[in-house]
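K.L.:
attaching a predicted model along with its sequence, questions to come.
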Amino acid sequence: MTAPLAEEAARLLERLRERGPRVHCLMNTVVRKLVADGLSALGAVPSMTDAPEEVEAFVGKADALCVNLGTLDAARRAGIDRAVARAGEARKPWLLDPAHCDYSPARTAYAAGLLARRPAVLRANAAEFALLAMPEDVVAVRTGETDRIALGAKAVAISNGHPLTARVTGTGCLSGALAAAFLALDAPPFAAAVAAMLALGVAAQEAATTARGPGSFEPALIDALFNLSPEDIRREARIDHDQSGL
Ligand SMILES: Nc1ncnc2c1ncn2[C@@H]1O[C@H](COP(=O)(O)OP(=O)(O)OP(=O)(O)O)[C@@H](O)[C@H]1O
Ligand SMILES: Cc1ncsc1CCO
Ligand SMILES: [Mg+2]
């Protein structure tokens, strides 16, 4: 039965709205605005500094950390290393998005090294996911037409969403940041990942009812995240047990 997962997601959305968790994002420079707006619209509080000399203080103020590799340079790597170390010391959950690790061997190796430091969740698209060996104890989220979420042998497939989502750059990055927002509630990582993929997928369906293309879809998606209700998740969730493996 998957209905309990949808119910848990609906309750997590209620809790997120009550608590307004803080999420620190080391986000690529392309999509920061979309990700910050999406987090705020849903009810979380984003911050985005990645300067090495400040990042530990920002992680200290946050309830969860989202590490996205999309645009890397030496300073950002230094910031990521310090932020992940601080999250570990402070026992704050963190999520890894190995964005574009399929484009460069150096980035694949860096992503594998971060994965060995045990984020609670890894969120990747299919090409990125195929290059990484998942540790048994890290929740894996592979987005695409169907979003697949797995922890060891437990796996579900979520078929909510709309194809326009893939035509707006950064919606994958946003999905990871939303998962970090649910992790920030101290939710079990599998439930946090399910809640985030349902929230974005159901919001995308709503946004697509008014959008005329990717340009108008983007603000409609922000509005839909703002207006999304726990009841929308209960009613619209399309979750199946997934035997196919990731
Ligand atoms: N064909 C599709 N139909 C419906 N939804 C889709 C489709 N492809 C992707 N999505 C959704 O789009 C979002 C982005 O997923 P995708 O796998 O494209 O991430 P990504 O490549 O990392 O994106 P980005 O790097 O632009 O952030 C997810 O919410 C996913 O569910
Ligand atoms: C387009 C792009 N290039 C580096 S990061 C990024 C956004 C996430 O794909
Ligand atoms: Mg990506």
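P.N.:
Great, that's in hand. Ligands and ions are numbered 1, 2, ... in the order given.
K.L.:
please settle this for me: is residue 124 part of a strand?
P.N.:
Yes. Residue 124 sits within a strand when classified using DSSP: H, G, I helix; E, B strand; the rest coil.
K.L.:
can I assume it is in contact with residue 139?
P.N.:
No. Using CB atoms under 8 Å, residue 124 makes no contact with residue 139, being 11.8 Å away. C-beta here means a position set from N, CA and C on the backbone, and glycine is covered the same way.
K.L.:
any residue of the helix ranked longest in the chain touching ligand 1?
P.N.:
When the chain is parsed with DSSP state H, its longest helix is helix 189-208. Yes. Shown here: helix 189-208 in contact with ligand 1 (CB under 6 Å from any ligand atom) through residue 200.
K.L.:
repeat for stretch 107-124
P.N.:
No. Figure legend: stretch 107-124 not in contact with ligand 1 (CB under 6 Å from any ligand atom); closest approach 6.9 Å.
K.L.:
buried sites along that stretch?
P.N.:
107, 108, 110, 111, 114, 115, 119, 120, 121, 122, 123, 124 (16 or more other CB atoms under 10 Å).
K.L.:
now, among those, which is nearest to residue 230?
P.N.:
Distance to residue 230, by CB to CB, is smallest for residue 121 among these, at 21.5 Å.
K.L.:
check what pLDDT the closest one gets.
P.N.:
On the pLDDT scale, residue 121 is placed at 99.
K.L.:
so it sits against residue 195, correct?
P.N.:
No. The criterion here is CB under 8 Å, and residue 121 misses it with residue 195 at 11.4 Å.
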